[in-house]
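Enquirer: Sequence plus predicted model, see below.
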Amino acid sequence: MTPQTEYFALLWDGDDIAHPRAVLRRRPAPEQPFEEILRADGTWENTGILALVRLNMYEHDVQPISADAALEFERRLLSGGLGKD
């Protein structure tokens, strides 16, 4: 387990990693890491998406991104700057 928070972009077919559908994060914890998805209201919610990815049971692509890229996505989300799909 890495001691730092890791961030991931959730991508659908044709999406660009610079403009993901959602951002996921994995935070370290003593027992096991917390895996969360950023909600539209700016809060983080527990998710099992990364577990499904590890099992090759998730239909969309998930790619690692930097903390800066995740922060930029969060800023765009909270400012209403993300397009409606």
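Expert: Nice, I can see it. Because the structure is predicted, anything quoted here is derived from the model rather than measured.
Enquirer: from here on, contacts and neighbour counts on C-alpha atoms
Expert: OK.
Enquirer: So residue 35, which state does it fall into?
Expert: Following DSSP: H, G, I helix; E, B strand; the rest coil, the label given to residue 35 is strand.
Enquirer: Which helix or which strand is home to the nearest residue to it once chain neighbours are set aside?
Expert: In space, and not counting its chain neighbours, residue 35 is closest to residue 26: 4.5 Å by C-alpha to C-alpha, 6 or more residues apart in numbering. Assigned by DSSP states H and E, residue 26 belongs to strand 22-27.
Enquirer: any idea of the mean pLDDT in that strand?
Expert: For strand 22-27, the mean pLDDT works out to 93.
Enquirer: Tell me which strands that strand pairs with, and in which orientation.
Expert: strand 6-11 (antiparallel), strand 34-38 (antiparallel) (DSSP bridges).
Enquirer: residues of the helix or strand bottoming out on mean pLDDT in the chain that come out buried?
Expert: The weakest-scoring helix or strand in the chain, judged by mean pLDDT, DSSP states H and E, is helix 49-54 (a mean of 87). Within helix 49-54, the residues scored as buried using 16 or more other C-alpha atoms under 10 Å are 49-50.
Enquirer: Numbering from 481 from now on, please.
Expert: All set: I'll call the first residue 481, so the last point we hit is now helix 529-534.
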